[in-house]
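Undergrad: need a structure here:
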Amino acid sequence: MSWKIREEAVLKSGLTPADLEQALSLPHWIAVILHHRMRSWGDQSLDAVKRFLEPSLKFLPDPFSLPDMDRGAERLAEAITEGQKIAVYGDYDVDGTVGSAVLRRFLRRLGVEPTIYQPDRQKEGYGINRAAVERLAEEGHQLMIAVDCGITSVAEVERANELGMDVIICDHHEPKEILPPAYAVLDHRRADNESAIQSLSGAGVAFYLAIATRSMLRDIGHFDPENGSVKEPDIRELLDLVALAAVADMVPLVDENRILLKAGLDKMRKNPNLGIRELLRVADIKPEEVAAYHLGFVLGPRINASGRLGSANGAMELLTTDDPEEARALAEKLHGVNAERIELQNEVVDEALAQAALKIEANPEIPALVLIGDGWHEGVIGIVASKVVERYQRPVAMITFATHSGFGKGSVRGIPRLDMLSAMEAGAAHLKGFGGHKAAAGLSLEKNEIEAFTDAFVNAIGDQASVLTEGKSRLLPREVVADLVLENDDALTAESVAMLDRLAPFGIGNAEPVVVVSGWKIAGSKTLKERHLKIQFTTQQNKSLEGFWANGSGRLSVPEATEVDIICLPQINSFRNLNRLELKIKDIRAARTTQ
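TA: Modelled structure (predicted):
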């Protein structure tokens, strides 16, 4: 693993780390970390920094600035006021499920009960399908809202139009050259989107539609007492759902998503959605202690498990019920389904890692892996692909032929700096279909196309890596990037490290801060659960400090009492109500120059 230290950015605004340190009363090393994050911001002013450190709903961009939002809100308001039959067509994963729950809860507050339709992952696959469109139209639905899908469903939307059913698309995936002929296409990735809205989840787009529709209804007097008894819904009740989707679907946690996540976490800690409260209970997490980590690695997998191994309806009902007994029963059922998913997943992990090891043994410089299974469950291959990526640090396409039809489905997971969608396009001639974004994609293909697709995909990834390494390698090396080298470890105090929370929550687009400390000594180590390490250090100032190295067993190659460099995230461990400073370790090596 190579270590890299970020170079200090020169911002358009001219602000320096010293300026941030003085204006915001930050420790210098935290000011440097914040300064690094600003290099990707469009607005690099001090006001933008203050908005980042204190995200507030008042800073959300105007939903009507998104193309077609006025049409979408007007059409949904019309359906509500005229009592038209509304269907919500949501994808089966966590984002589609949560986004559909957002609209269902919103519409119920307005006295409207929408039909919820979520396709079966294995029988119907991803996206809007023609048979479902025809069924919904036959049942008399006049409006269909697609959530987390639909941006490439041109033929299916045309069919809906033929049958007299309008469609509103709430998506965040990459559109093709031709947009579907929907009544409104809400997707910030549209080429004509010039608004500040740039990174929402599908549920986030649905939430913005709810905000805009409420505004439209307010303008036409729908909530006036003389017009009836409809009470204006409090949109803030939906924020914990929106936050859950943002983290679980791995959208960039910047700009509006940072605001939505902060507000959503606040609501989740104080008064969570009943279904979320019960999911936290079965996972043994107190609402007041919930963090972004729990959304992505505790709640998200349990909601996803429903759609991965069968129907997503159980998760949908959990997130939209107001019945405590029903919520308890559904949460326990999802908890059990998730345990089943983990067992099934672990079997596939073992097979996939063994197959990957053989490929790398045969060609250590192979830039990407295509792994094939005849019975792998389609619902777990995406998760497994991520685990193979984590182990071997190269893009992975996991393809399963779960039936004997000769037709396979796959999930692709990438690594930073490489573009999976571009690599898929290079192999498009060998695929029946594909879609996704830079970090992840899905595909379908015939079995006789495996060899040709593998060659095209692996070569495309190799070409990308070759450009990034200036022709030195077709394999992108494993790399960990630090914000700075801490020359004086006296700066690492519990008080200063606690101030890192002002930069949280961390995730995609706002990475965990990483620093390098030098010249410490290892005082002892202990293996936990056969794969993790707990390490005791002695600092240059002869202080004792502890570190945790996830999956570090077998990676510590320096003896005790040796001076080492450590690349890590300093953090406060609040175990059993005791706050103490510790390190989240990324790598350790014998002490040397880190530049």
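Undergrad: Please give me every residue in contact with Ser195.
TA: By CB atoms under 8 Å, 6 or more residues apart in numbering, the contact list for Ser195 reads Pro61, Asp62, Ser65, Leu66, Pro67, His188. Backbone N, C-alpha and C define where each C-beta goes, glycine included.
Undergrad: mind checking how far it is from Leu445?
TA: Noted for Ser195: a distance of 36 Å to Leu445, by CB to CB, to the nearest Å.
Undergrad: circling back: compare the contacts of Ser195 and tell me which is most surrounded.
TA: Leu66 (26 neighbours; other CB atoms under 10 Å).
Undergrad: Please verify my assumption that Arg37 contacts Asn510.
TA: Yes. Using CB atoms under 8 Å, Arg37 is in contact with Asn510, at 6.6 Å.
Undergrad: got any residues that touch both of the two?
TA: Leu503.
Undergrad: so how many other residues sit close to Arg6?
TA: Look at Arg6: counted by other CB under 10 Å, it has 15 neighbours.
Undergrad: That one: what's it in contact with?
TA: His36, Val481, Ala482, Asp483, Leu484.
Undergrad: Of the contacts of Ser195, which is the nearest to Gly83?
TA: Taking CB to CB as the measure, Gly83 lies nearest Leu66 of these, at 27.0 Å.
Undergrad: ok, now how distant is Phe297 from Met144?
TA: Counting by CB to CB, the gap from Phe297 to Met144 is 33 Å.
Undergrad: So for the two, which residue has more residues nearby?
TA: Between Phe297 and Met144, counted using other CB under 10 Å, the more crowded position is Met144 (29 against 12).
Undergrad: Work out for me the element the closest residue to that one other than its chain neighbours sits within.
TA: Closest residue to Met144 apart from its sequence neighbours, by CB to CB, 6 or more residues apart in numbering: Ala87 at 4.6 Å. Using DSSP states H and E, Ala87 maps to strand 86-90.
Undergrad: Report the distance from that strand to the chain centre.
TA: Centroid separation for strand 86-90 versus its chain: 23 Å, with CA atoms, centre = their mean, to the nearest Å.
Undergrad: Can you tell me the strand partners of that strand and which way each runs?
TA: strand 115-117 (parallel), strand 143-147 (parallel) (DSSP bridges).
Undergrad: Please indicate which of the ones you listed has the most neighbours on average?
TA: strand 143-147 (a mean of 29; mean count of other CB atoms under 10 Å).
Undergrad: got the CA coordinates for that one in PDB?
TA: C-alpha atoms of strand 143-147 as PDB (Å, rounded to 0.1, in the frame of the first residue of the first chain):
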ATOM      1  CA  LEU A 143     -50.800   9.000 -12.500                       C
ATOM      2  CA  MET A 144     -47.700   6.900 -11.800                       C
ATOM      3  CA  ILE A 145     -44.600   8.200 -10.000                       C
ATOM      4  CA  ALA A 146     -41.400   6.200 -10.500                       C
ATOM      5  CA  VAL A 147     -38.900   6.400  -7.700                       C
END
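Undergrad: most centrally placed residue in the protein?
TA: Met250 (1.0 Å; CA atoms, centre = their mean).
Undergrad: That one looks like it's in a helix, true?
TA: No. Using DSSP: H, G, I helix; E, B strand; the rest coil, the secondary structure at Met250 is coil, not a helix.
Undergrad: Next, the residues that contact the helix or strand of the chain with the lowest mean pLDDT from outside, please.
TA: Using mean pLDDT, DSSP states H and E, helix 300-309 stands out as the lowest-scoring helix or strand of the chain, at a mean of 76. Applying CB under 8 Å, 6+ apart, the contact partners of helix 300-309 are 92-94, 97-98, 118, 121, 244, 247-248, 279, 282-283, 312-315, 318-319, 334-335, 337-338, 340-341, 344, 377, 379-380.
Undergrad: where along the stretch 351-500 of the chain do the helices fall?
TA: Under the criterion DSSP state H, counting those that start in this stretch, the stretch 351-500 of the chain contains helices at 381-392, 420-426, 450-468, 494-498.
Undergrad: Export those to a markdown table and append columns for distance to Ala77.
TA: A markdown table is the format used below for those (distance: least, CB to CB, whole Å):
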| stretch | distance to Ala77 |
| --- | --- |
| helix 381-392 | 37 |
| helix 420-426 | 35 |
| helix 450-468 | 45 |
| helix 494-498 | 46 |
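Undergrad: Ok, which of those helices comes nearest Val157?
TA: That would be helix 420-426 among the helices of the stretch 351-500 of the chain, by CB to CB, at 21.8 Å.
Undergrad: and that closest one, what other elements does it pack with?
TA: On a contact count with 3 or more CB pairs under 8 Å, 6 or more residues apart in numbering; DSSP states H and E, helix 420-426 meets strand 407-413, strand 433-436, strand 440-446, helix 450-468.
Undergrad: which one of these is the most hemmed in?
TA: strand 407-413 (a mean of 23).
Undergrad: between it and helix 381-392, how many degrees?
TA: Strand 407-413 runs at 50 degrees relative to helix 381-392, counting by axes from the mean of the first three to the mean of the last three CA atoms, to 10 degrees.
Undergrad: And the contacts of strand 407-413?
TA: With contacts defined as CB under 8 Å, 6+ apart, strand 407-413 is touched by 125, 372, 378, 381-382, 385-386, 388-389, 395-402, 420, 423-424, 432, 436, 439-447, 450.
Undergrad: any idea of the mean pLDDT for stretch 362-377?
TA: Stretch 362-377 carries an average pLDDT of 94.
Undergrad: Would you mark the buried spots in it?
TA: Residues of stretch 362-377 classed as buried: Ile366, Pro367, Ala368, Leu369, Val370, Leu371, Ile372, Gly373, Trp376, His377 (neighbour count, 16 or more other CB atoms under 10 Å).
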